[in-house]
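Participant: Based on what follows, work out the 3D shape:
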Amino acid sequence: MAIILFILLLLSLLFLPGLWVRRVLERYSVPEDRYSGTGAQLARHLLDVNGLNQVKVESTEIGDHYDPTERVVRLTPDKFDGRSLTAITVAAHEVGHAIQDHEAYAPLRFRTWLVRLAGPLQKLGAGVLMVSPFVGAITRLPQLGILMFAAGFLTLATSAVVHLVTLPTEFDASFGRALPLLDRHSILKRADRPHARRLLTAAAMTYVSASLMSLLNIARWWAILRR
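Facilitator: Residues are numbered from 1 along each chain as shown. Okay, the predicted model is just below:
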């Protein structure tokens, strides 16, 4: 029974943050015409008043984000064309990242560098994990297979590091940038401010969920490695 309870608790810790984030975003996506302007229009306005005229605003299908390499705020269609509280708040959050980039915010710069490094490392790690059992079998040197497996495991762990490094950047974008912007320019309806705080928390928490899933993968590979 204790083991079952532990497993249920672990699953709750892993999946509940993601479910909560999704619920909050969906809850404030209605009414769809809560505001007169769209998320894209608000993002453009906030960028311009902060002197970031060169930063573009585009629609995307791969998730709301700011691309520091291309200098683009990208919003999914429901945020780009949407007029809900969710659309407005998420747009402000992504503009917060653009402001971080403009101000050379150190955690964002470090995360950007780490993401560029992590991509090739994760591909290398996945390849090492695939070939390590065969190398060990062909060479009949189990130590070599274990060494390669460990190298692949450590390489894949960079994903967890990226997500953990992202957390302070996300919370700063929400509460150090986006919320002050919304207040300063009187964007929000008065009754919406506490709900906007909840949405901004959800926007930052997306990476908490991702971090937990990365840690689960590390634990899984560690268990395999110890066998």
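Participant: residues contacting residue 112?
Facilitator: Counting by C-beta atoms under 8 Å, 6 or more residues apart in numbering, residue 112 makes contact with 68, 69. Bear in mind the C-beta positions are built from the backbone N, C-alpha and C, glycine included.
Participant: same thing with the one 3 residues further on?
Facilitator: By C-beta under 8 Å, 6+ apart, the contact list for residue 115 reads residue 162.
Participant: cool, and residue 97?
Facilitator: Contacts of residue 97 were listed using C-beta under 8 Å, 6+ apart, and they are 65, 66, 68, 73, 108, 169, 173, 177.
Participant: Let's test this: mean pLDDT of whatever helix or strand it lives in, rounded?
Facilitator: Counting by DSSP states H and E, the element that carries residue 97 is helix 85-102. Across helix 85-102, pLDDT averages out at 97.
Participant: gap between residue 40 and residue 51?
Facilitator: 19 Å (C-beta to C-beta, to the nearest Å).
Participant: who has more neighbours, the two?
Facilitator: residue 40 (20 against 10; other C-beta atoms under 10 Å).
Participant: Tally up the residues packed near residue 79, please.
Facilitator: Residue 79 has 27 nearby residues by other C-beta under 10 Å.
Participant: pLDDT-wise, which helix or strand of this protein ranks last?
Facilitator: None of the helices or strands of the chain scores lower by mean pLDDT, DSSP states H and E than helix 142-156, at a mean of 65.
Participant: so where's the chain uncertain?
Facilitator: Applying pLDDT under 70 to the chain flags residues 1-15, 17, 122, 125-126, 129, 132-137, 139-156, 207-227.
Participant: if we can go back for a sec, neighbour-wise, which one of the contacts of residue 97 leads?
Facilitator: Most surrounded of the contacts of residue 97: other C-beta under 10 Å gives residue 73, at 28 neighbours.
Participant: Using CSV, write out every CA atom in the strand or helix carrying residue 169.
Facilitator: Per DSSP H and E, residue 169 falls inside helix 158-171. Extracted C-alpha coordinates of helix 158-171, given in CSV (Å, rounded to 0.1, in the frame of the first residue of the first chain):
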residue,chain,number,x,y,z
THR,A,158,21.2,18.7,-20.2
SER,A,159,17.4,18.9,-21.0
ALA,A,160,16.6,19.0,-17.2
VAL,A,161,19.3,21.6,-16.7
VAL,A,162,17.9,23.8,-19.5
HIS,A,163,14.4,23.7,-17.9
LEU,A,164,15.7,24.4,-14.4
VAL,A,165,17.7,27.4,-15.7
THR,A,166,14.6,28.6,-17.5
LEU,A,167,12.5,29.0,-14.3
PRO,A,168,13.9,32.3,-13.0
THR,A,169,13.7,33.7,-16.5
GLU,A,170,10.1,32.8,-16.8
PHE,A,171,9.0,34.2,-13.4
